[in-house]
Structures are given as structure tokens and as C-alpha cells.
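Engineer: Show me the folded form of this:
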Amino acid sequence: MRVDLKAAAEKGDRDSQFNWAEQLYLSSQPEDQREAARWYERAAHSGHTGAQFKYGLIHFLGRGITRDHEIAWAWFKRAADDGLPGAQYYAGVMCENGTGVQRDLAAASRWYEAASNAGHAEAAFNLALLYHQGRGVETSPVRAAQFYTVAADKGHVQAQFNLALIYHQGQGLQRDAAKAATLYRQAADKDYVTAQFNLALMLHQGDGVAPDLEEAAYYYRKAAESGHVTAQFILGTLYANGEGVKPDQIESVRWFTRAAEQGHMKAQYQLALKLVRGEGTAKNPAAAATWLGKSADQGYVKAVYSLGQLFRLGEGIPANPKFAIECFVRAAQTGHVESQYCLGTMYEAGEGVERSTSEATKWYARAAKQGHQKALQNLSRLHE
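Structural biologist: The predicted structure is shown next:
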């Protein structure tokens, strides 16, 4: 069969030349690929549209032949003018990026649209991006959604996700949470991590779908296992509270730890609390202090306060009331009421700081103003 095909190609049959080139091109041997390039060229010059596209493609990729974008453009253009969707797509790519031809976004959009109208998913997606971003065409969420839909219907995962975002957020179109959830699910089931997370949120909140904590936990886990830090944190919380999963403090600690190691400040805080209490892990106040410090350094006020409490009480670590004061001041200045109350008690008692009734009064007053009952009682007592 190969002999017959090659013989027909040598006699000048352009279809045979193209098919012979296709067989050679599949080889992993460089000499076969170079030979394929020669047969593509012969068929291309004979007017075979597929060969014109393939001859342009191997110049574009530099496979079996020296990469030459100008030659690639010339052959893509000939095949694209003959209506070949793949060539139209690559013509759009080259015009969009200014590769082998002057950059021309308007021309790129025309080539993409021609290929999209023939059902080319990548072309439809690229055109949707141009309309979404207003590059080379007037910004149009409606047109973006139109072409994302073409690509999404053919299984293009990024198009499914982007289209879901448009419907989820109501970006220039009426918000349709149910449609967004359907599209997220399509992308999520192809292991698109952010789609898994967004779908989990919608299932968690009952947004566009019936609330389903078990299914939400399933998609949070899928995203978490791929490294999505917020999914890891939320999964840790679900295991801690037994929401959608059986309570499991060990699993909770595991997921808080993974998120904390990625710098998630709330996970760092929650992990520290587990270490202080010995929930799902051995008690380790020193490690807790380290994680609270990391969270506090990111400005998480609860962590700043808890760090102050840890060093004030000195349970499992050396007490340091002066450092505790620093932590409480930092948190209190943001309006943290418990820190304000603690400062009042420490100034009143002279704990880690020189005793000062006026400073105690000041901090009790701030906490009392926010409704802290003990602060109000202490303030009344100081005024007696």
C-alpha cells in the first residue's frame, strides 16, 4: 500500500502526494519528516489546500524543516483564502501576535470568525477573548458569550469556564447562576481547578443550584488536591465542623497545614489554634506561636490578638507580657474589642507595663463603646 501510494505521488497525483507526506510526517525519524516536507511542498504547489496548510504549519512549528514564519504566513494565507478553517485559525494567530506578518487585530478577528463559523473551537475561543477584552474589536460581552458558546459546545474547557464567569458575575449579560453552575461543572469534570472551586462555592451557598454540602466538599477536595489554597482552607474548615463530611480533626489539620504552608493567613491562624488545643495533632504552643506570627505578619487581626494571649499566658512557652502588650496595642488600634479590654486589664494591673489608671480607663472606654460588658463594668468601678 505504501509503495502504491508513493508511486502515485511520484506520478504527480496531488492527493497521493499529500497522503504520502502525512504518513512520512508521523514518523519520529528526522529524515522522514524532511521527506514529508518535500511532498507537502509538491502537493501545495499543485493547489492541494490541505498540503498548503500543512506546509505552512511545519514552517510555523519548525518541525522537519527550518522555522520560517514568513513562509508559513504565505501558505496559511493561500489555504485560508480557500476556506480551510485550520489555516484561517493560524492566520488569525499570526495576525494577532504579529508573527511573520504585521500585527493586525482587526484582521485576526476576521480570520477567527471565518474559522469559528466552520466550527473551529480554538478560533471561536480566541475571537471570544478579543470581544471580551475589546482588542481589535469593540468590547461586547454578548459577542464574547456567543463565541465562547461555540467553543464550549465543542468541549473547550477554558471557554466553558470563561462563559461560566460571564453568567456567574453578570458581566454585560443578565446573571444566570444556574447556567454558570452547569458550565462550571463541565469544566470541573475536565479537572479545571478554578471551575471545581467555583462550583463548590455555588453548591455550598446554594447559588444557582440546590445547596449540597457533600457535593461541595467533593469539588473542594478536587481543587484542594490540585493545590488550590482557598479550597484547602475551606476543606479544613468543613472537616473541623463536620459539614458535608464526617468530623475529622486530623484531616482538618492536614488541610489547614497545606493551606498554611502556601501562606493562607486564616489557615495559619486555624492551624495555630489546633496546635494550642491539641485538636487533631499534638499540643505544640511553640509551633502555634510561629504560625500565629506568620498570620499576624499578614495583618490578620485575630492572629495578632491570639499571639498576644499566647505570650501573656505563657502556657507551654515563656511568658512575655511586654510582647503581649505590643500585640494587643496593634490589634486594638484596628478596633479589636477584646484587645482593647485586655489592654485595660493589663494597664490596671501593671502587667508587662507601668501601672496606669488613665491608660486603663482609655482602653476600657474604647471597648465599652463597642458594647463589651466587662469593660463597661471595670470602667464604672474605676470611676467610683
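Engineer: For the helix or strand that Ser295 is a member of, what does the pLDDT average out to?
Structural biologist: Per DSSP states H and E: Ser295 is located in helix 285-297. In this model, helix 285-297 has an average pLDDT of 98.
Engineer: Can I get it in PDB? Just the C-alpha atoms.
Structural biologist: Output of helix 285-297 as PDB, limited to C-alpha atoms (Å, rounded to 0.1, in the frame of the first residue of the first chain):
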ATOM      1  CA  PRO A 285       2.500  26.100  71.700                       C
ATOM      2  CA  ALA A 286       5.800  26.900  70.200                       C
ATOM      3  CA  ALA A 287       4.700  25.900  66.700                       C
ATOM      4  CA  ALA A 288       1.400  27.700  67.300                       C
ATOM      5  CA  ALA A 289       3.300  30.900  68.000                       C
ATOM      6  CA  THR A 290       5.200  30.500  64.800                       C
ATOM      7  CA  TRP A 291       2.000  30.100  62.700                       C
ATOM      8  CA  LEU A 292       0.300  33.000  64.600                       C
ATOM      9  CA  GLY A 293       3.300  35.100  63.800                       C
ATOM     10  CA  LYS A 294       3.100  34.300  60.100                       C
ATOM     11  CA  SER A 295      -0.600  35.100  60.100                       C
ATOM     12  CA  ALA A 296      -0.100  38.300  62.100                       C
ATOM     13  CA  ASP A 297       2.600  39.500  59.800                       C
END
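Engineer: Now do it: everything it contacts.
Structural biologist: The contact list for helix 285-297, computed with CB atoms under 8 Å, 6 or more residues apart in numbering, reads 260, 263, 265-266, 268-269, 271-273, 275-276, 302-304, 306-307, 310-311, 315-317, 327. C-beta: built from backbone N, CA, C; applies to glycine.
Engineer: Just after it, pick out the following helix or strand.
Structural biologist: Past helix 285-297, the next helix or strand by DSSP H and E is helix 301-313.
Engineer: following that following helix, which helix or strand comes up?
Structural biologist: helix 321-332.
Engineer: Check which helices and strands that next one is in contact with.
Structural biologist: Here helix 321-332 touches helix 301-313, helix 337-349, going by 3 or more CB pairs under 8 Å, 6 or more residues apart in numbering; DSSP states H and E.
Engineer: now the ones you listed in a markdown table, with mean pLDDT, mean neighbour count and distance to His132?
Structural biologist: Output for those, formatted as a markdown table (pLDDT from 0 to 100; neighbours: other CB atoms under 10 Å; distance: least, CB to CB, whole Å):
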| stretch | mean pLDDT | mean neighbour count | distance to His132 |
| --- | --- | --- | --- |
| helix 301-313 | 97 | 23 | 38 |
| helix 337-349 | 97 | 22 | 45 |
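Engineer: Show me the longest helix that occurs in the chain.
Structural biologist: The longest helix of the chain (DSSP state H) is helix 30-45.
Engineer: CA atoms only for it - export them in PDB, please.
Structural biologist: Extracted in PDB, the C-alpha atoms of helix 30-45 (Å, rounded to 0.1, in the frame of the first residue of the first chain):
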ATOM      1  CA  PRO A  30      14.000  13.400  11.100                       C
ATOM      2  CA  GLU A  31      14.800  12.200   7.600                       C
ATOM      3  CA  ASP A  32      11.200  11.000   7.100                       C
ATOM      4  CA  GLN A  33       9.900  14.400   8.300                       C
ATOM      5  CA  ARG A  34      12.200  16.200   5.900                       C
ATOM      6  CA  GLU A  35      11.000  14.000   3.100                       C
ATOM      7  CA  ALA A  36       7.400  14.800   4.200                       C
ATOM      8  CA  ALA A  37       8.100  18.500   3.900                       C
ATOM      9  CA  ARG A  38       9.200  18.000   0.300                       C
ATOM     10  CA  TRP A  39       6.000  16.100  -0.600                       C
ATOM     11  CA  TYR A  40       3.800  18.700   1.200                       C
ATOM     12  CA  GLU A  41       5.500  21.300  -0.900                       C
ATOM     13  CA  ARG A  42       4.900  19.500  -4.200                       C
ATOM     14  CA  ALA A  43       1.200  19.000  -3.300                       C
ATOM     15  CA  ALA A  44       0.900  22.600  -2.100                       C
ATOM     16  CA  HIS A  45       2.200  23.900  -5.400                       C
END
